[in-house]
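K.L.:
no sequence on this one, just coordinates:
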Ligand SMILES: [Zn+2]
């Protein structure tokens, strides 16, 4: 597979976990010396307070089941990586990572993803999938009992094909993630183009769409792509946001020119 095992994966393996349904975050927390309590929290979604090698993780009672699981895993990330510090994590800190790999919230999110969707179980379950679509995300989501956005980010990282996943609300793009084979010149638009299917989904006109071709210029502000097409599938999430899958199917868009040659190509 070519990946190094992460700390979270080593922890899971140490517990003898060989199937997704065995990933019981409360039991894993207990094993790590952390008790989990669900309670009323006003200032944050989750927090961890540690003394010595014991900790108490508090999770907001207002959160749904998958959010609570992710929150426990996120706090276990702080416990594994940032012991001795105290964290109060807001919902925006969790499952919505900053891009700075040194940001402790980002590190805790990465740890949570590794704990809930360890590659050694995730890749075999992806099996021989060649394309990313909602059916695949929902299959993986059911297997690992995580949110659809967290699943989408993981599937993009798995690099099944060149794909971008993104999330939008009324204020614009909240986050996006590219698979490794998508050149990093491609940034999905900040504000949804009304021509996109995602705009309909965000407006509440449709709950979800089929995977459909759409002009690349609806999704990217680059020159010279008016002839290119991408494939888009969008779904309205329970919080009203739109989750988007963009398959980069055009070979010209897949080509990684590198910075300098891309510039010279544009100049031509
Ligand atoms: Zn945190």
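P.N.:
The structure has been received and is ready for your questions. Predicted, not measured: the structure shown is a model, and the values here were computed from it.
K.L.:
Return the set of buried residues in stretch 162-174.
P.N.:
Residues of stretch 162-174 classed as buried: 162, 163, 164, 165, 166, 167, 168, 173 (neighbour count, 16 or more other C-beta atoms under 10 Å). Where you see a C-beta, it was placed from the backbone N, CA and C, and this is true even at glycine.
K.L.:
Which members of those residues occur in helices, if any?
P.N.:
Among the buried residues of stretch 162-174, no residue falls in helices (DSSP state H).
K.L.:
Now, those residues that are in strands?
P.N.:
Those of those mapping onto strands are 163, 164, 165, 166, 167, 168, 173, per DSSP state E.
K.L.:
tell me the contacts of the residue most central in space within the chain?
P.N.:
Geometric centre of the chain, nearest residue: residue 153, 2.8 Å, by C-alpha atoms, centre = their mean. Residues in contact with residue 153 (C-beta atoms under 8 Å, 6 or more residues apart in numbering) are 113, 165, 177.
K.L.:
Of the residues you listed, just say which sits nearest to residue 197.
P.N.:
residue 165 (14.4 Å; C-beta to C-beta).
K.L.:
How is the nearest residue to the closest one once chain neighbours are set aside assigned, secondary-structure-wise?
P.N.:
In this structure, residue 165 finds its nearest non-sequential neighbour in residue 152, 4.1 Å apart by C-beta to C-beta, 6 or more residues apart in numbering. Secondary structure assignment for residue 152 (DSSP: H, G, I helix; E, B strand; the rest coil): helix.
K.L.:
Distance check, residue 152 against residue 181.
P.N.:
16 Å (C-beta to C-beta, to the nearest Å).
K.L.:
With neighbour numbers in mind, choose between these two.
P.N.:
Higher neighbour count among residue 152 and residue 181: residue 152, with 27 against 13, using other C-beta atoms under 10 Å.
K.L.:
Around the ion, pick out the residues from this structure.
P.N.:
Contacts of the chain with the ion, taken as C-beta under 5 Å from the ion, map to 87, 89, 93, 105, 108.
K.L.:
and with 8 Å instead?
P.N.:
46, 74-75, 77-78, 87-89, 93-94, 104-105, 108-109 (C-beta under 8 Å from the ion).
K.L.:
which two in those residues are spaced the farthest apart?
P.N.:
Across the residues of the chain next to the ion (C-beta to C-beta), the longest gap, 15.4 Å, separates 88 and 109.
K.L.:
Those two: who's more crowded?
P.N.:
The neighbour count for residue 88 versus residue 109, taken as other C-beta under 10 Å, is higher for residue 109 (24 against 14).
K.L.:
Contacts only, for residue 172.
P.N.:
Counted by C-beta under 8 Å, 6+ apart, residue 172 has contacts 190, 191, 192.
K.L.:
buried subset of these?
P.N.:
Listed as buried from those are residue 192; burial here means 16+ other C-beta under 10 Å.
K.L.:
now, which of the contacts of residue 172 sits nearest the ion?
P.N.:
Closest approach to the ion among these (C-beta to the ion): residue 190, at 25.9 Å.
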